[in-house]
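In: Test case, fold it:
(one chain, ligands or ions: 1)
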Amino acid sequence: MKDPSLRVLMVEDSENDALLLIRVLRKGGYHSVYERVETAAAMKKALQERQWDIILCDHSLPNFNALSAIALLKESNIDIPLIVVTGTVGEEAAVKCMRLGARDYIMKSKMARLCPVIARELKEAQARRKHRQAEFQKKAALEELRKSEEKHLAIIENIEEGYYESDLKGNLTFFNSAMCQLLGYSREELFGINSRRFTDKENAKKLFKTFLEVYKTGNPAKAFDWQIIRKDGATRHIEASVSQLKDSSGKPIGFRGIVRDTTERKLWEEKLQQTLEILKKEVNTAIHALATALEFRDPYTAGHQSRSADLARTIATEMTLPKNKIDGIRMAGSIHDIGKLSIPAEILSKPTKLTDIEFSLIKEHAQNGYQMLKDVESPWPLAEMVYQHHERMNGTGYPRNLQGDEILLEARIMAVADVMEAMASHRPYRPSLGLQTAYEEIEKNKGILYDSAVVDSCLRLFRQKGYEFQYRNIHKM
Ligand SMILES: [Fe+2]
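Out: Next comes the predicted model:
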């Protein structure tokens, strides 16, 4: 059995003829369910209410005929193969039916053709259905794509940054309104314009180099700085990104990216930098005054501060810390013992060993220093560095027993510089212990009391790079 559920709509006035057709179908392997109609209204109703695989239509009925049935089917816009089955039709009438939309016609005398024709028509109808489905899906996909493109275009048009696309030669092929505003050209003027038109020679070179790199490697360039010249001649600072623009086969056909005007930001940064420089100078003056005050009272500590500040700065440089951080370390190092101003001079300059009470008084200098500096307006955490310079990595330092990363890197550097200087120099109550002993102290306690990377840098400076403490110009900062 080919199809157990062949649904046949019979346009036929004779029930006997209908049964005859069903028998032929059964013989051909089709088990059919059918409905017989003999008027236009009945056919219309049957088409509306049920689904059909095939329509077998007599040529002439008392109140209906094949031509009207074909017209009605066309009107209903349903794709069901209609086959005219008749005993009387002449060739001319048959051709007319075919022209109007019948899929075939079968003479009742040649009923053997019926099943092969039905088989062919079912197959073709299925192929048409599949094609229609594919077309529908394609249309839906295209519509989705159109909507998505529309959405992206709207986003691109509404972003504050300039968006551009160019060909491989750098001629603009697409851009948004922000790009027009940025360059000061109208949309019409900007279209097709080459990037050389709005850059000077130097920037054009820079741009070419960046684009070439992106073209060669396929890697996008992000946030590169260049300058453009607007149509009105004004120069603007720009931050841009560029990536390859590819065709559907993946071949690069141009470039695209985002362009941001950074002129205001640059001006603001310059201004901020100037303010910062002024503030740094002011802090420097204040620090110098404090260090001088300490020197009058306690020349020993002043010299110690100056030398440990220089070592701390050199260690920070060796560790390739940013310049601003290095400046902060040098500054804090120069006054790290400023808290000793509040300790009686007799204790500070006592030539003999300190008692426990005296030592605990000395220990207060870290916190005292913090109190003295905490309200100083400064670009660096000076007070905090001074507060922490006696803390140790394992938490055995003072005054707060901070550990590891709780201690600022700047303070960890100062701790090593402080110990090195103190051991290598003469103290009021003892001669110098010597550099060798100082090396041993920091090496032995590397990673325990002192930061490992700081110790390594310090030892490298002394052992390999010939670093030496300077015992002159104690206030040179
Ligand atoms: Fe200290």
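
In: How is this protein partitioned into domains?
Out: 3-132, 159-261, 268-463 (automatic domain parsing).

In: Could I get the ones you listed in TSV, plus columns for mean pLDDT?
Out: TSV is the format used below for those (pLDDT from 0 to 100):
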stretch	mean pLDDT
domain 3-132	91
domain 159-261	92
domain 268-463	90
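
In: Now tabulate these in CSV and tack on distance to residue 150 and mean neighbour count.
Out: All C-beta atoms are positioned from the backbone trio N, CA, C, and that covers glycine. Listed next are these as CSV, based on distance: least, Cβ to Cβ, whole Å; neighbours: other Cβ atoms under 10 Å:
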stretch, distance to residue 150, mean neighbour count
domain 3-132, 26, 17
domain 159-261, 14, 16
domain 268-463, 37, 18
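
In: now the ones you listed in TSV, with distance to residue 143?
Out: Converted to TSV, the domains of the chain look like this (distance: least, Cβ to Cβ, whole Å):
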stretch	distance to residue 143
domain 3-132	16
domain 159-261	19
domain 268-463	47
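
In: Quick one: closest of those domains to residue 151.
Out: Nearest of these to residue 151, taken as Cβ to Cβ: domain 159-261 at 13.0 Å.

In: Just the terminal-to-terminal distance for that closest one.
Out: One end of domain 159-261 sits 13 Å from the other (Cα to Cα, to the nearest Å).

In: what does stretch 192-210 give?
Out: Stretch 192-210 has an end-to-end distance of 20 Å (criterion: Cα to Cα).

In: ok, now stretch 38-55?
Out: So stretch 38-55: terminal residues 12 Å apart, Cα to Cα.

In: Now do that stretch: distance to the chain's middle.
Out: Counting by Cα atoms, centre = their mean, to the nearest Å, stretch 38-55 is centred 60 Å from the centre of its parent chain.

In: Equivalent analysis for stretch 242-256, please.
Out: Stretch 242-256 sits 19 Å away from the centroid of its parent chain (Cα atoms, centre = their mean).

In: go on, stretch 172-184?
Out: 23 Å.

In: swap in stretch 154-174?
Out: What separates the centre of stretch 154-174 from the centre of its chain is 19 Å, taken as Cα atoms, centre = their mean.

In: Show residues contacting it.
Out: 175-179, 181-183, 190-196, 207-208, 211, 215, 245, 252-261 (Cβ atoms under 8 Å, 6 or more residues apart in numbering).

In: now swap in stretch 271-281 and tell me
Out: Residues outside stretch 271-281 that contact it (Cβ under 8 Å, 6+ apart): 327, 377, 378, 379.

In: let's go with 10 Å and repeat that
Out: Contacting residues not belonging to stretch 271-281 are listed as 324, 327, 328, 331, 377, 378, 379, 380 [Cβ atoms under 10 Å, 6 or more residues apart in numbering].

In: how near is the last one to residue 386?
Out: It stands for residue 380. Counting by Cβ to Cβ, to the nearest Å, the separation of residue 380 from residue 386 is 11 Å.

In: Okay, strands next: where are they in the stretch 1-150 of the chain?
Out: Secondary structure of the stretch 1-150 of the chain by DSSP state E, counting those that start in this stretch: the strands cover 3-11, 30-37, 54-57, 60-61, 64-65, 82-86, 104-107.

In: Save these as a markdown table, and put in distance to residue 141 too.
Out: Formatted as a markdown table, the strands of the stretch 1-150 of the chain follow (distance: least, Cβ to Cβ, whole Å):
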| stretch | distance to residue 141 |
| --- | --- |
| strand 3-11 | 32 |
| strand 30-37 | 37 |
| strand 54-57 | 32 |
| strand 60-61 | 45 |
| strand 64-65 | 43 |
| strand 82-86 | 32 |
| strand 104-107 | 35 |
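
In: Out of those, which gets nearest to residue 231?
Out: Closest among the strands of the stretch 1-150 of the chain, using Cβ to Cβ: strand 82-86, at 68.9 Å.

In: that older thread, nearest to residue 153, of the contacts of stretch 271-281?
Out: Distances from residue 153 to those, taken as Cβ to Cβ, are shortest for residue 324 (44.2 Å).

In: Identify the residues contacting that closest one.
Out: Applying Cβ under 10 Å, 6+ apart to residue 324 gives the contacts 276, 280, 379, 380.

In: partners of the host helix or strand of residue 166, with directions?
Out: Secondary structure assignment for residue 166, by DSSP states H and E: strand 162-167. The pairing partners recorded for strand 162-167 under DSSP bridges are strand 172-175 (antiparallel), strand 252-261 (antiparallel).

In: got these as TSV, with distance to residue 285 columns?
Out: Output for those, formatted as TSV (distance: least, Cβ to Cβ, whole Å):
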stretch	distance to residue 285
strand 172-175	52
strand 252-261	38
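
In: wait, which of these is closest to residue 129?
Out: Residue 129 lies closest to strand 252-261 among the strands paired with strand 162-167, at 39.2 Å (Cβ to Cβ).

In: Confirm that residue 466 sits in a helix.
Out: No. When classified by DSSP: H, G, I helix; E, B strand; the rest coil, residue 466 is found to be coil rather than part of a helix.

In: Tell me the confidence at it?
Out: Note for residue 466: predicted pLDDT of 92.

In: Please tell me how far residue 378 sits from residue 313.
Out: Distance from residue 378 to residue 313, counting by Cβ to Cβ: 16 Å.

In: got it, and residue 218?
Out: As judged by Cβ to Cβ, residue 218 and residue 313 stand 44 Å apart.

In: Leaving out sequence neighbours, find the closest residue to residue 14.
Out: Closest residue to residue 14 apart from its sequence neighbours, by Cβ to Cβ, 6 or more residues apart in numbering: residue 58 at 7.8 Å.

In: Does residue 66 touch residue 43 like I think?
Out: No. If you go by Cβ atoms under 10 Å, residue 66 and residue 43 don't touch, sitting 11.2 Å apart.

In: shared neighbours, those two?
Out: The contact lists of residue 66 and residue 43 share 11, 55, 57, where a contact means Cβ under 10 Å, 6+ apart.
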